[in-house]
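J.: Here's a sequence, model it:
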Amino acid sequence: MAGMTKTKRRARRAYRKERLVLLAFTVPALALYISFFIIPALQSLQYSLTNWNGYSATFDWVGLDNFTRALTNDSLFTNAVTNNLKFWLIVLAFQTLFALMLAVFLFRNFKGSALLRGLFFFPTILSSVSVAYIWKFIYDPNYGLGNDILGIFGISSSFLGNDDTAIYWIAITQVWFHAGQMMTIFIAGLQSVPQEMIEAAAVDGAGRWQVFKNVTWPMIAPATSIVMAYTTIQSFKAFDLILGLAGNPPKSSMDIMSTRIYTTFANSQYGYASAQAILFVIVIVALNFAVRRIVGLTQPKTES
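T.: Just a heads-up that it's a prediction; the model follows:
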């Protein structure tokens, strides 16, 4: 009995030692995370309650005045929020739909499928600035490819020169830029759907749409949530794409939240810009939560 007790004690000590070693491996990553994410986030929250200009050694505490100003008394910021929501809705709808259509067409291996996947994924590996300048030439109203294509249908557009539609043309650029990336996520989701379930539904007389609606769509719900969440984040972080297409600072018709925050920082309003940045994060979190709820509600209810 004494020997068994000693063996158990040694096993416990070895287990504790192993756990301590494993925890020690997390310390460098944890230190970096705290230093570069947690502390700056807390400092941003602190600055958002002040009127600090980014340079002075002193500042005044203003409480929630910065947040009140952004939400009720700053037409430039509310305009940027409105533009960003328009941009997000167009990108979310068309990028998700286009990526899903590509994935449905290309998820099976056939001759040329790898080439087509690579072709549609190619824009993703380009830098945002490169994409912006490519599409800036396309949107040029004088000699751009855009009006050459529209001319086939007897119409023309000033594209980015039209304040009413400029943000939508930039949204089209964003869809072209990232649809291939989202396609790969959908392909991974489609390849995980058991073929036996699809065959069983077909044997029961279900058509292609019924199979997709009742079998495939519920099975790729996790992939859909990932695509829509990532698309939402991308839509609010399209900073360099906007600056590349619209200039710095962009026109009010193409200003979004990230570019507005950048401009506020550039104007040495660090406290106010920090408040805008916090509102920026809150909007992204709220929209992602709403998107996840919507995806969940669109799934067919399964009976237990």
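
J.: Could I get the phi/psi values of Gly144?
T.: Main-chain torsions, Gly144, degrees, to the nearest 10: phi -80, psi 160.

J.: And Tyr272, how far from Asn73?
T.: From Tyr272 across to Asn73, the span is 11 Å (Cβ to Cβ, to the nearest Å). (C-beta placed from N, C-alpha, C; glycine too.)

J.: who's more crowded, the two?
T.: Shown here are Tyr272 and Asn73; by other Cβ atoms under 10 Å, Tyr272 has more neighbours (27 against 10).

J.: in which helix or strand would I find that one?
T.: helix 270-297 (DSSP states H and E).

J.: do Pro222 as well
T.: Assigned by DSSP H and E, Pro222 belongs to helix 221-236.

J.: any residues touching that helix, and which ones?
T.: 84, 87-88, 91-92, 95-96, 99-100, 174, 178, 182, 185-186, 188-190, 256-258, 280, 283-284, 287-288, 291-292, 295-296, 299 (Cβ atoms under 8 Å, 6 or more residues apart in numbering).

J.: cutoff 6 Å now
T.: The contact list for helix 221-236 (Cβ atoms under 6 Å, 6 or more residues apart in numbering) reads 87-88, 91-92, 95-96, 178, 182, 185-186, 189, 284, 287-288, 291-292, 295, 299.

J.: do stretch 60-78 as well
T.: Residues outside stretch 60-78 that contact it (Cβ under 6 Å, 6+ apart): 48-51, 260, 271-272, 275-276, 279.

J.: okay if I get those as a markdown table plus distance to Tyr15?
T.: Below are the contacts of stretch 60-78 laid out as a markdown table (distance: Cβ to Cβ, whole Å):
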| residue | distance to Tyr15 |
| --- | --- |
| Ser48 | 46 |
| Leu49 | 47 |
| Thr50 | 49 |
| Asn51 | 54 |
| Arg260 | 54 |
| Gly271 | 50 |
| Tyr272 | 53 |
| Ala275 | 48 |
| Gln276 | 49 |
| Leu279 | 47 |
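
J.: Looking at those, state which has the most neighbours.
T.: Ala275 (29 neighbours).

J.: And the nearest residue to that one once chain neighbours are set aside, how far from Ala200?
T.: With Cβ to Cβ, 6 or more residues apart in numbering as the criterion, Ala275 has its nearest non-adjacent residue at 3.5 Å, and that residue is Asn66. Asn66 is 59 Å from Ala200, where distance means Cβ to Cβ.

J.: can you check Lys111 too?
T.: Counting by Cβ to Cβ - Lys111 and Ala200 are separated by 28 Å.

J.: Ok, Ala277 next?
T.: Taking Cβ to Cβ, one finds Ala277 at 51 Å from Ala200.

J.: same check, this time on Ser274
T.: Using Cβ to Cβ, Ser274 is found at 56 Å from Ala200.

J.: the more surrounded of those two?
T.: When neighbours are counted by other Cβ under 10 Å, Ser274 and Ala200 differ, and Ser274 comes out ahead with 24 against 13.

J.: Could you list the low-pLDDT ranges of this protein?
T.: Filtered on pLDDT under 70, the chain yields the residue ranges 1-4, 6, 8, 297-304.

J.: Could you tell me how many residues sit around Arg10?
T.: Arg10 has 10 nearby residues by other Cβ under 10 Å.

J.: chain center to the one helix or strand it maps to: distance?
T.: For Arg10, the element it lies in under DSSP H and E is helix 2-33. How far helix 2-33 lies from its chain's middle: 39 Å, per Cα atoms, centre = their mean, to the nearest Å.

J.: Also stretch 35-42?
T.: Chain-centre distance of stretch 35-42: 21 Å, with Cα atoms, centre = their mean.
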